[in-house]
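J.: Fold the following, please.
(one chain, ligands or ions: 1)
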Amino acid sequence: METMEADSRPANPLAGTGPEIAGPAPRHRTAGVRVGAGEGAVTVGGGAPIVVQSMTNTDTADIDATVAQVSQLARAGSELVRITVDRDEAAAAVPKIRERLDRIGVHVPLVGDFHYIGHKLLSDHPACAEALAKYRINPGNVGFKEKKDTQFSTIIEQAIRYGKTVRIGANWGSLDGELLTHLMDENAKSARPIDARAVMREAMVQSALSSAQRAEDLGLPKDRIILSAKVSAVQDLIAVYREVARRSDYAIHLGLTEAGMGSKGIVAASAAIGVLLQEGIGDTIRYSLTPEPGGDRTVEVKVAQELLQTMGFRTFVPLVAACPGCGRTTSTTFQELARDIQNWIATSMPEWKKTYPGVEGLNVAVMGCIVNGPGESKHADIGISLPGTGESPSAPVFIDGKKAMTLRGANLAKDFETIVIDYIERRFGQGARNAAE
Ligand code: SF4
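T.: Modelled structure (predicted):
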């Protein structure tokens, strides 16, 4: 009989010290929801890649402006785009917008955002109900008192009739007043009342979950329901979504509502969404950023992609790592090079995606001096370490971790671009694919 020999190798002193594990918790299991049909269709939940979505801020009745913004968002990488449907003129415009988008090859599914009169708009505008891939409704303002149930059921019936998905989106700013009052009363009567804010969080969770259950009772299957429960404070949001995930397996839309403007909005939403994604919660994300007046709406798409990419969930564009610069760099050469490379990559990507499949996984490093430059450059696929103050005016380039050449002179940026494109051709071009077959 053979016996297993004991492993004579020494125990690994690094095992069990912690750093061997780096990654998010397993994804929370949710029902997979197909949104849209045909070319642009995406799956949300059910283990599918986390979907990036966005929302227009044009008047939907303005067809030209809405078509232009939806296509900008879709071309920036938004996989679902939500539009406001607030009145008859907007509802009447929706099928025309869909048609125009299809004609220019933009097949991104459209989500209609309904408040107060969604039941009426969907009933009065069947072409709108048909053209949308998903209806977003807010259980806090779908109707009030005795009308609430009938208006809610009308929307769900339309979704069933047209085979559409519904997002039930509870929102802190329009929380179901009756439910909140009921929970506040119960809490006040209890022997151990909890904090009023905690009651509000519970109301958010219950509002989303009970509405989803009601939609199922009306005949909308679970694989056509997506839930969100948006709050504007980071810690409240994390608590609410943890609870929604603990109590259900509906596909989850994550977002911090009214995140705000500029860096404040980006940081707050990233903190909240990042923590939840790390815990395995979230199937689609949206950054509710307030743009600068006349600002670029696609920033919310770019930031969402960057969050997913830096956390390792998806890859969208080659990453450019750049050091922040310090007193060792008295010129702006490396900042300019990092910016130029980043812009060049961004503008080349639509073409590269077709010619060089997989190029989005490329890592490029642009570093300012010898301190971290060679080390960081070696970790990238291609890295350049520029000369800091007092260093000799040469820039070593590292390819796949090895020093490959040294660049000098005024054409350094162009020379580096040539090296990057040669590398991309070699690694992701047709030749590399033929060799792999
Ligand atoms: S790599 Fe050099 S220039 Fe860049 S931050 Fe570090 S020390 Fe400063």
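
J.: Counting by contacts, list what the host helix or strand of Thr347 packs against.
T.: Using DSSP states H and E, the element containing Thr347 is helix 333-355. Other helices and strands packing on helix 333-355, by 3 or more Cβ pairs under 8 Å, 6 or more residues apart in numbering; DSSP states H and E, are strand 319-322, strand 363-367, helix 412-428. From N, CA and C alone the C-beta is placed, and that goes for glycine too.

J.: so for the last one, what's the average pLDDT?
T.: For helix 412-428, mean pLDDT is 92.

J.: can you give me the angle it makes with helix 333-355?
T.: Helix 412-428 runs at 30 degrees relative to helix 333-355, counting by axes from the mean of the first three to the mean of the last three Cα atoms, to 10 degrees.

J.: and helix 412-428, which residues are buried?
T.: By neighbour count on 16 or more other Cβ atoms under 10 Å, the buried set for helix 412-428 is Leu412, Ala413, Asp415, Phe416, Glu417, Ile419, Val420, Tyr423, Ile424, Arg427, Phe428.

J.: Regarding the closest residue to Arg314 other than its chain neighbours, what are the backbone dihedral angles?
T.: Sequence neighbours aside, Leu308 is the residue nearest to Arg314 in space, at 4.5 Å (criterion: Cβ to Cβ, 6 or more residues apart in numbering). Leu308 adopts backbone torsions of phi -60, psi -40, taken as degrees, to the nearest 10.

J.: What's the separation between Leu308 and Ala272?
T.: Between Leu308 and Ala272 the distance is 14 Å, computed by Cβ to Cβ, to the nearest Å.

J.: low-confidence ranges in the protein?
T.: For the chain, applying pLDDT under 70 flags the ranges 1-6, 144, 330.

J.: Quick check, Pro95 in contact with Ala131.
T.: Yes. Counting by Cβ atoms under 8 Å, Ala131 is a contact partner of Pro95 at 4.2 Å.

J.: Among those two, which residue is more densely surrounded?
T.: Neighbours per residue (other Cβ atoms under 10 Å) separate Pro95 from Ala131, with Ala131 holding more: 21 against 18.

J.: dump the residue contacts of the more buried one.
T.: Contacts for Ala131 (Cβ atoms under 8 Å, 6 or more residues apart in numbering) come out as Val94, Pro95, Ile97, Arg98, Glu99, Leu110.

J.: nearest to the ligand, of those residues?
T.: Of all the contacts of Ala131, the ligand sits closest to Leu110, with 44.8 Å by Cβ to the nearest ligand atom.

J.: if I look at the closest residue to the closest one other than its chain neighbours, how far off is the ligand?
T.: Distances taken as Cβ to Cβ, 6+ apart place Leu132 nearest to Leu110, at 5.4 Å, with adjacent residues excluded. Distance, Leu132 to the ligand, using Cβ to the nearest ligand atom, to the nearest Å: 49 Å.

J.: Now do Leu132: how many residues are near it, please.
T.: The number of residues packed near Leu132 is 31, by other Cβ under 10 Å.

J.: just Pro318 next, same as before
T.: 24.

J.: Now do the contacts for it.
T.: Contacts of Pro318 by Cβ under 8 Å, 6+ apart are Ile345, Met349, Val359, Glu360, Gly361, Leu362, Asn363, Val364.

J.: Pull the most distant pair out of those residues.
T.: The two members of those with the most space between them (Cβ to Cβ) are Met349 and Asn363, at 14.6 Å.

J.: Now do the closest residue to Gly32 other than its chain neighbours against Lys403, distance only.
T.: Distances taken as Cβ to Cβ, 6+ apart put Gly46 closest to Gly32, at 2.1 Å, once the chain neighbours are dropped. Distance, Gly46 to Lys403, using Cβ to Cβ: 46 Å.

J.: Can you list the buried residues in stretch 53-65?
T.: Gln53, Ser54, Met55, Thr56, Thr58, Asp59, Thr60, Ala61, Ile63.

J.: Looking at those, which is nearest the ligand?
T.: In terms of Cβ to the nearest ligand atom, no member of the buried residues of stretch 53-65 lies closer to the ligand than Ser54, at 33.7 Å.

J.: ok, residues contacting stretch 91-104?
T.: 60-63, 66-67, 70-71, 74, 83, 85, 107-108, 110, 112, 121-122, 124-125, 127-128, 130-132.

J.: How about it, which residues are buried there?
T.: Of all the residues in stretch 91-104, those buried under the rule 16+ other Cβ under 10 Å are Ala91, Ala92, Ala93, Val94, Pro95, Ile97, Arg98, Arg100, Leu101.

J.: Stretch 387-399 now?
T.: By neighbour count on 16+ other Cβ under 10 Å, the buried set for stretch 387-399 is Pro387, Gly388, Ala395, Pro396, Val397, Phe398, Ile399.

J.: how about the helix or strand containing the fifth one, does it reach the ligand?
T.: To tie it back to what came earlier, the one meant is Val397. Element membership of Val397 [criterion: DSSP H and E] is strand 395-399. No. With Cβ under 6 Å from any ligand atom as the measure, strand 395-399 is seen stopping short of the ligand, the closest distance being 12.6 Å.
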